[in-house]
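K.L.:
predicted model and sequence below, questions to follow.
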Amino acid sequence: MEDISQLNLYMGALCKTLNDNGFRQKLILNGEPRYIDYKLDRLMPDLTVMHITSDVEAFQFLTSKGLIRNDICHFCGEAPIDGRKTFIEPSHKIAFSICNHCYAKGIPPTKIDVRNTGCLVTLFFVTLTIILLRLN
Ligand SMILES: [Zn+2]
């Protein structure tokens, strides 16, 4: 059973901390960088962690403040069974804890229908598209 409300609380707090400390989520829009507030997606909090880990400095800031938990799965909110399973974010090799279930699946659980669910890059661009649609 996924405990997504725990994950929402946790991710919401991380987003607020980043925004309060001057970090902004970077988007590329028509080839130009654009910066927006970090924002929790309540339906897909597992994608919020992907946004945060796409900025090494933001993630390191949270780590330095002791705000990155290792007692929660960053994809579904469950407690990691042995606390040592990690997901390695592909572009910056940032590691964070995930549960055995998500580790076995190799992908974050997601509420959206993506054909190539094994590809986090696809998920990332789907999210970008959603964000861009909301901005317009
Ligand atoms: Zn999980």
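P.N.:
Yes, it's here.

K.L.:
find the helix or strand that Y35 is a member of.
P.N.:
strand 32-36 (DSSP states H and E).

K.L.:
ok, that strand: who's next to it in the sheet?
P.N.:
Here strand 32-36 is paired, per DSSP bridges, with strand 25-29 (antiparallel).

K.L.:
okay, buried residues for stretch 20-29 please.
P.N.:
Neighbour counts over stretch 20-29 (16 or more other CB atoms under 10 Å) mark F23, Q25 as buried. The C-beta positions use only the backbone N, C-alpha and C, and glycine is treated the same way.

K.L.:
ok, residues contacting that stretch?
P.N.:
For stretch 20-29, the external contacting residues (CB atoms under 8 Å, 6 or more residues apart in numbering) are 33-39, 51, 54-55, 57-58, 61, 128, 131-132.

K.L.:
so which of these wins on neighbours?
P.N.:
Among these, the one with the most neighbours (other CB atoms under 10 Å) is H51, at 25 neighbours.

K.L.:
for that residue, give its distance to the ion.
P.N.:
Per CB to the ion, to the nearest Å, H51 is found 18 Å from the ion.

K.L.:
wait, that residue touches L40, no?
P.N.:
No. In this structure H51 lies outside contact range of L40 using CB atoms under 8 Å: 9.8 Å.

K.L.:
which residue sits closest to the spatially most central residue of the chain in space, ignoring its chain neighbours?
P.N.:
Nearest to the geometric centre of the chain sits V49, at 1.3 Å (CA atoms, centre = their mean). If the residues on either side of it in the chain are set aside, V49 comes closest to H74, at 4.5 Å by CB to CB, 6 or more residues apart in numbering.
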